[in-house]
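Trainee: sequence plus predicted model, see below.
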Amino acid sequence: MDIMRWVTFDCFGTLVDWRHGIWTSADLIAPGHGRRLLDAYGRHEREVQAESPGLRYREVLAESLRRACAEEQVPLAPDDASVLAATLPYWPVFPDVGDELTALREAGWRLALLTNCDRDLIGETQRRLPVRFDAVVTAEDAGAYKPSHAHFDTFSRSYEPERWVHVAQSFTHDLVPAHRLGIDRVWINRLGEHPEDPSILQEVRPDLRGLAELVEVIAASA
């Protein structure tokens, strides 16, 4: 009988270039201020999610942008707060994603997304991803936002993985809870960040290249 082998991914930041998406989208409604608003947005999103774990992600996007604009003293028309949700389905997929996801699929791994997103928004994003995913757990499904354990617990109950490797760019949202739950993990450190707690690191890569081979090594050592 086949072993249930799963690789789960965070989507935005790991597979999809959310920084590019937020930057360019913010520039649409505030030309020349996209970079400043991106940096401020990152400071506010986790705060909004923690305050309102049941809030739909499109509202998290809007409220975080409002707070970023207020912090940076950038005028924001009320209708423009929805720009991130409107453009999110078009944010670019990183160029290394297609080959590695295809290699994982060909090696017999099942693929899943554990995403801080709404079902409708991730459904639109999946149209741009180069392979089919076998499962998706959203914040809407889990009733919370990572770094809550709810995504991981929901996935584990639903699919009972026998081999499980989680792959993500966000140290705080993904690596920390995966470590606490004893899940094998790969940090895709696309931004060259310094980890808050190096002791929880297991495998680190600058991007997805070589991931298919790496997860085989991880699975063999389990």
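Mentor: It's in.
Trainee: what mean pLDDT would you report for stretch 23-43?
Mentor: When pLDDT is averaged along stretch 23-43, the result is 95.
Trainee: next SSE downstream of the lengthiest helix in the chain?
Mentor: Longest helix in the chain, counting residues (DSSP state H): helix 34-51. In the C-terminal direction, the helix or strand that comes right after helix 34-51 (DSSP states H and E) is helix 57-72.
Trainee: so how far is that following helix from its chain's centroid?
Mentor: Taking C-alpha atoms, centre = their mean, to the nearest Å, one finds helix 57-72 lying 18 Å from the centre of the chain it belongs to.
Trainee: send over it as CSV, restricted to the C-alpha atoms.
Mentor: This file holds the C-alpha atoms of helix 57-72, laid out as CSV (Å, rounded to 0.1, in the frame of the first residue of the first chain):
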residue,chain,number,x,y,z
TYR,A,57,-8.6,37.7,4.2
ARG,A,58,-9.8,40.3,1.7
GLU,A,59,-10.7,42.5,4.7
VAL,A,60,-7.3,41.8,6.3
LEU,A,61,-5.7,43.1,3.2
ALA,A,62,-7.8,46.2,3.1
GLU,A,63,-7.4,47.0,6.8
SER,A,64,-3.7,46.4,6.8
LEU,A,65,-3.4,48.7,3.7
ARG,A,66,-5.4,51.4,5.5
ARG,A,67,-3.1,51.2,8.5
ALA,A,68,0.0,51.3,6.3
CYS,A,69,-1.3,54.4,4.5
ALA,A,70,-2.1,56.1,7.8
GLU,A,71,1.3,55.3,9.2
GLU,A,72,3.0,56.6,6.1
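Trainee: and the closest residue in space to W187 that isn't next to it in sequence, which helix or strand is it part of?
Mentor: Of all residues not flanking W187 in the chain, V204 sits nearest, at 4.7 Å (C-beta to C-beta, 6 or more residues apart in numbering). In short, each C-beta sits where N, CA and C put it, glycine included. Taking DSSP H and E as the definition, one finds V204 inside strand 203-205.
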